[in-house]
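Colleague: the following block contains a protein sequence and its predicted model.
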Amino acid sequence: QVQLVESGGGLVQAGGSLRLSCAASERTFRTVVMGWLRQAPGKEREIVASITWSGGRPNYANSVKGRFTISTDNAKNTVYLQMNSLKPEDTAVYYCAAKNLGSSWSASSVYWGQGTQVTVSS
């Protein structure tokens, strides 16, 4: 069973920065794509950023381009999300997730972390 353990959420003022970390129990075909998704109250869960363990093909939601950076540390099986210039609308529960290349983020085969709260005050 794949385990994803997140850390790094918290409360920050608008314009501030936070870094989220996600340690994965394995790097296999089942977890080849790592992503960060978020869900704000009353909204659908949305993909924020994703990357493969090779470091290639990072993708970002338009709303975070230029502010967020996703990266990997393969030696530690860890994925990071560096969030800069945070805005109140970034407030949400952030989830780390892992999937294979052929699945969507809504597939039952996706593995999920427990979620970490990010709150940005104005």
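Modeller: Here it is on my side, so go on.
Colleague: let me see the contact set for the nearest residue to Gly16 once chain neighbours are set aside.
Modeller: With C-beta to C-beta, 6 or more residues apart in numbering as the criterion, Gly16 has its nearest non-adjacent residue at 5.4 Å, and that residue is Leu86. C-betas here are computed from N, CA, C, even on glycine. Shown in contact with Leu86 (C-beta atoms under 8 Å, 6 or more residues apart in numbering): 12, 14-18, 67, 118, 120.
Colleague: now Glu6
Modeller: Applying C-beta under 8 Å, 6+ apart, the residues near Glu6 are 20-22, 94-96, 113-116.
Colleague: with Glu89 instead?
Modeller: So Glu89 contacts 40, 63, 120 (C-beta under 8 Å, 6+ apart).
Colleague: could you check how far it is from Ser50?
Modeller: 20 Å (C-beta to C-beta, to the nearest Å).
Colleague: and the contacts of Glu6, which are buried?
Modeller: 20-22, 94-96, 113, 116 (16 or more other C-beta atoms under 10 Å).
Colleague: tell me which of those residues is nearest to Ser106?
Modeller: Of all the buried ones among the contacts of Glu6, Tyr95 has the smallest distance to Ser106: 12.7 Å, by C-beta to C-beta.
Colleague: identify the bridge partners of that closest one.
Modeller: Leu37 (DSSP bridges).
Colleague: what about the strands in the protein?
Modeller: Using DSSP state E, the strands of the chain run over residues 4-7, 10-13, 18-24, 33-39, 46-52, 59-60, 68-73, 78-83, 92-99, 111-112, 116-121.
Colleague: what mean pLDDT would you report for the fifth one?
Modeller: Think strand 46-52. Average pLDDT, strand 46-52: 96.
Colleague: elements contacting that strand?
Modeller: If you count contacts as 3 or more C-beta pairs under 8 Å, 6 or more residues apart in numbering; DSSP states H and E, strand 46-52 packs onto strand 33-39, strand 59-60, strand 68-73, strand 78-83.
Colleague: give me that answer again for 10 Å
Modeller: Judged by 3 or more C-beta pairs under 10 Å, 6 or more residues apart in numbering; DSSP states H and E, strand 46-52 is in contact with strand 33-39, strand 59-60, strand 68-73, strand 78-83, strand 92-99.
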